[in-house]
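Q: Give me coordinates for this.
(chains A and B)
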Protein chains: 2
Amino acid sequence: MSAALHRVPAADILSPQALPGFAKSTVDGFAVRAADTYGASEGLPSYLDLIGSVRMGEAPAVSVKPGACVAMPTGGVIPDGADAVVMVEYTAETMPGTIEVTRPVAPGGGIVRADDDVAAGAPLVTGGRPLRAPDLGLLAAAGVTSICVHARPRVAIISTGDEVVPPETAHLTAGQVRDATASALAGLVIEAGGEPVIAGIVSDEPGALKEKLTEVLPESDLVVVSAGSSVGARDETAGAVAAVGDVWCHGLAIKPGKPTLLAECGRGSSDRVPLIGLPGNPLSALVVFGQIGIPLLWRISGCDKPPARPNVRARLSRDLASAAGRLDIIQVKVTDGVAEPLFGPSALLSVLTRADGYVIIPEPATGLDAGIDVDVTLYP
Amino acid sequence: MSAALHRVPAADILSPQALPGFAKSTVDGFAVRAADTYGASEGLPSYLDLIGSVRMGEAPAVSVKPGACVAMPTGGVIPDGADAVVMVEYTAETMPGTIEVTRPVAPGGGIVRADDDVAAGAPLVTGGRPLRAPDLGLLAAAGVTSICVHARPRVAIISTGDEVVPPETAHLTAGQVRDATASALAGLVIEAGGEPVIAGIVSDEPGALKEKLTEVLPESDLVVVSAGSSVGARDETAGAVAAVGDVWCHGLAIKPGKPTLLAECGRGSSDRVPLIGLPGNPLSALVVFGQIGIPLLWRISGCDKPPARPNVRARLSRDLASAAGRLDIIQVKVTDGVAEPLFGPSALLSVLTRADGYVIIPEPATGLDAGIDVDVTLYP
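A: You can find the predicted model right below:
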């Protein structure tokens, strides 16, 4: 069942049986009729006949009559006739075959009922929520060893730019850069439950991107293009996308990430595939994918309740400026409860690798003051 | 490189080259000598000769002389002689071949230097810290496509108990339970970067556990035994462990998890393997493994900086009682900033699957009052 970890069940999975499936003892002790212990105390114990014992994993051979008791291990099956288990700590076997009970127990004490964990037909796990480790346990307890989950969304990652070369390139000529964005995006896609497909690097030549899009669309649930950073490259990307789909917007009021493009492309006759055109700077591309691509990816995964993102309150170490009407995403380092903004042009990926998380300056704000408490969303 | 995601580098990985590797433009515009723009304004622009343009991914063919400028795309190589790039927004080409600059730029403006991202020989990633997605990008940028990481720790998971049967068991006889703990522990091990090895179910027969321990120890970096819940089963576990190693402690002042056993076993002549004996109840076992096993597993993974666990502040909905000197771990559901404790015997695994996280009542406290703000550690 480990393969199901973090996968998203297609629907609620109902328990074929009640769990634990039988009334069981939660303590080591003696199964009794509770009424036989009423009024028992150290000074005036109840005396019960020990008529047998229950062994782990076996059905009881005896039933409990008034005035009798049966020795129980934790997890043992409650014998017929008993309605409580008195803990061994409140008993003594003063004579062989006679148990002295020094504290009363209420009906149901020391017992879980046959359906206390899950009732037959009740959900073991919920559709649309990624499975966590304890869910695997509950499924195993119910004997469910195979389930139907949503497919991992396939995410095509296309890099563009005449200057971009594969990471394996040993020696660069002047102006060349290795493709950093595709590898990092692949990591983010995996973390969000998707299956990255690195579709390669496309030149800025007219028609090249359109050709690549036409190739990958039929096989993809989401397409990500890390567009060139220059104005010309961005126009080229928008043109190619417009040729295979509908551009929803080109330009967002966020920083970094202004040149982001969102579109919907045709895959088949009716099937539509979302496309995100990311900025050319690796840092901007990754920040935008975190804000827009990851929530979208969870949604495509069939997950309507994405896992919580780690969050911490910290004191802002310095003033942050922003423009009203623009959402700013500021990388920060957190030390001893203080959030230190990491500045630097978005051309620098190391700003992101050094960050512990980020702070959002919401659209209406014109900045945040040093010394206030801010919410830092932490990176995994 | 996706395979390296979340793996722990054995040591710092140093950059074989400076990054980005060349001085580049961060804007679309014109490479200039900054001094040629001093004093420029809308009313009194500087006029510069346009002597060429830089293409993406290529070395500049010209150098910038006083009074001249070169057209630049974002990401282009800065030509010799230039020390700044003025943004296209602050320029106009009033006559063919002449660029009007309406705002001054300081030396270094619009430029990142060749080593602004990472200097040659500086660390790209840090040993002992699991790799995150942006780290994969920085490694790719530096051309590092293969790295040395710590092996995933192998964690043997042994289940014990005459009543425990494999999850595949279709029909249970009275008192039998399917093994829930092993599947759930496997999930927790995977989340903490380990490799679970489900070693099967061992009966309570004397000698059976010792035999299984002797079998798995040579192949394991950590051994986890989900011991029986009854006093007899626990004694049996402690005896078997004592036969192959040194028991450090048997019993912890935590709830749930009191019967936890910690030991160190021999693997070879000098090699020692930690062992955790977990309580028999699945909920208790998983809670204890989360508190003790996961931090230990990260440490065994070579990770001295485990990833942060998600955390949220919430208002406690009701009083919680505890005993001084005991650490309590309370499962909670969080709704609209309110933490609602989930009660129920630790025999019930569904308490854990319904929880969003947990609250700790520290050892000295005798409880927590309703209405106070508590830290809830969220499950992934």
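Q: check contacts around A:Ala355.
A: A:Gln331, A:Val332, A:Lys333, A:Leu342, A:Tyr379 (CB atoms under 8 Å, 6 or more residues apart in numbering or on different chains). Just so you know, the C-beta spots here come from the backbone N, C-alpha and C atoms, and that holds for glycine as well.
Q: Just flag the most distant two among the residues you listed.
A: Between any two of the contacts of A:Ala355, the greatest separation by CB to CB is 12.5 Å, found for A:Leu342 and A:Tyr379.
Q: Name the residue in these two with the higher neighbour count.
A: A:Tyr379 (20 against 17; other CB atoms under 10 Å in any protein chain shown).
Q: And the pLDDT for the more buried one?
A: Predicted confidence (pLDDT) at A:Tyr379: the value is 89.
Q: Chain B versus that one, what's the distance?
A: Applying CB to the nearest CB, to the nearest Å, the value for A:Tyr379 to chain B is 6 Å.
Q: And A:Ile254, by the same measure?
A: Taking CB to the nearest CB, one finds A:Ile254 at 18 Å from chain B.
Q: Which residue is the nearest non-sequential neighbour of that residue?
A: A:Leu327 (4.7 Å; CB to CB, 6 or more residues apart in numbering or on different chains).
Q: I'd assumed A:Lys255 was in contact with that neighbour.
A: Yes - if you go by CB atoms under 8 Å, A:Leu327 and A:Lys255 touch, sitting 7.4 Å apart.
Q: Next, find the distance separating the residue nearest to A:Ile254 from A:Leu286.
A: If you measure A:Leu327 against A:Leu286 using CB to CB, to the nearest Å, the figure is 16 Å.
Q: can you check A:Ile78 too?
A: 57 Å.
Q: and if you look at A:Pro73?
A: In terms of CB to CB, A:Pro73 sits 55 Å off from A:Leu286.
Q: Just give the closest residue to A:Ile11, not the sequence neighbours.
A: Check again: residue A:11 is Ala, not Ile. A:Gly127 (4.1 Å).
Q: Return the backbone torsion pair for the one you found.
A: Dihedral pair for A:Gly127: phi -60, psi 150, per degrees, to the nearest 10.
Q: Let me see the contact set for it.
A: Per CB under 8 Å, 6+ apart, neighbours of A:Gly127: A:Val8, A:Pro9, A:Ala10, A:Ala11, A:Asp12, A:Ile13, A:Gly302.
Q: Now list the buried members of the residues you listed.
A: If you count burial by 16 or more other CB atoms under 10 Å in any protein chain shown, the buried members of the contacts of A:Gly127 come out as A:Val8, A:Pro9, A:Ile13, A:Gly302.
Q: and those as TSV, adding pLDDT and secondary structure?
A: Converted to TSV, the buried ones among the contacts of A:Gly127 look like this (pLDDT from 0 to 100; DSSP: H, G, I helix; E, B strand; the rest coil):
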residue	pLDDT	secondary structure
A:Val8	96	coil
A:Pro9	96	strand
A:Ile13	98	strand
A:Gly302	92	coil
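Q: for A:Ser159, helix, strand, or coil?
A: strand (DSSP: H, G, I helix; E, B strand; the rest coil).
Q: re the thing from before, of A:Ile78 and A:Leu286, which one has the most company?
A: Neighbour count, other CB under 10 Å: between A:Ile78 and A:Leu286, A:Leu286 has more, with 28 against 25.
Q: how about the residue most central in space within chain A, what does it touch?
A: Within chain A, one residue has its C-alpha closest to the average C-alpha position: by CA atoms, centre = their mean, that is A:Pro307, at 3.5 Å. Shown in contact with A:Pro307 (CB under 8 Å, 6+ apart): A:Pro130, B:Pro380.
Q: What of A:Glu58?
A: A:Glu58 neighbours (CB under 8 Å, 6+ apart): A:Val77, B:Asp162, B:Ala174, B:Gly175.
Q: got a winner among the residues you listed for most neighbours?
A: A:Val77 leads the contacts of A:Glu58 on contacts (other CB under 10 Å) with 27 neighbours.
Q: Return the nearest residue of the stretch 251-380 of chain A with respect to chain B.
A: Residue of the stretch 251-380 of chain A nearest chain B, by CB to the nearest CB: A:Pro310 (3.6 Å).
Q: For that residue, give its distance to A:Val273.
A: In terms of CB to CB, A:Pro310 sits 31 Å off from A:Val273.
Q: picking that back up, check the buried ones among the contacts of A:Gly127 against chain B and report the nearest one.
A: Nearest to chain B among those, with distances taken as CB to the nearest CB, is A:Ile13, at 11.6 Å.
Q: surely the closest one meets A:Leu124?
A: Yes - between A:Ile13 and A:Leu124 there is a contact under CB under 8 Å: 5.0 Å.
Q: and for the two, which residues touch both?
A: A:Leu139, A:Val144.
Q: Great, nothing more from me.
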